[in-house]
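**Student:** Below: sequence and its predicted model.
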Amino acid sequence: MRNAARAEAGPGPGMRRVLGRIGRCALTYLLIHITAWLVIALVIESEDSFGQLMLIGLGMLPLLGVPSVLLAIVAGLAHTRMDVTRFRLALVLPMLVFVFPTLAASTAEPLFFEIMAQLAFVRLMPTPLIPENWEGQTD
């Protein structure tokens, strides 16, 4: 009886829950990116000030963050049959492609910490995005 009421209440499998998980995915990436650039700004020996390095990190967000989050969302919505561990492993290499803009940095710290941020995001992103349609095993 309860499932019938839920099915009639809204389109799709728990649209509010799915949107919440997508929002959590974006927020997770944002917090990881900010943390990575905070560490970069504290660790790197540069002529740039702390504030300038944080602004550089903010400027890198559209280059690194938007494609990463979009890939995570699209992959999360498309893959419903893989178990979660296999899904995360399959997502690691495509996520690392977005780190290439940091190769232009004069030091290695931005590249290293962005790789670590991407790996942390792949591990911490909410999966499955649509739990009701998931056929694989979950964590």
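**Tutor:** That came through, no problem.
**Student:** What distance do you get for Val66 to Ile34?
**Tutor:** 15 Å (CB to CB, to the nearest Å). In short, each C-beta sits where N, CA and C put it, glycine included.
**Student:** Equivalent analysis for Gln52, please.
**Tutor:** Applying CB to CB to Gln52 and Ile34 gives a distance of 16 Å.
**Student:** Neighbour count: the two, which is higher?
**Tutor:** Remark: of Gln52 and Ile34, Ile34 carries more neighbours, 16 against 12, as counted by other CB atoms under 10 Å.
**Student:** mind listing the helices for this protein?
**Tutor:** 2-9, 15-43, 50-60, 66-78, 84-97, 109-124 (DSSP state H).
**Student:** Compare the ones you listed and say which comes out lowest on pLDDT.
**Tutor:** For these, the weakest mean pLDDT is recorded on helix 2-9, namely a mean of 50.
**Student:** For the residue nearest to Ala105 when sequence neighbours are not counted, grab the count of nearby residues.
**Tutor:** Residue nearest to Ala105 in three dimensions, not counting chain neighbours: Leu111, with 6.5 Å by CB to CB, 6 or more residues apart in numbering. The number of residues packed near Leu111 is 17, by other CB under 10 Å.
**Student:** related to what we said a few turns ago, could you dump the helices of the chain to TSV with distance to Leu103?
**Tutor:** Converted to TSV, these look like this (distance: least, CB to CB, whole Å):
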stretch	distance to Leu103
helix 2-9	48
helix 15-43	14
helix 50-60	12
helix 66-78	16
helix 84-97	12
helix 109-124	6
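**Student:** Of those helices, which stretch is the most buried?
**Tutor:** helix 109-124 (a mean of 19; mean count of other CB atoms under 10 Å).
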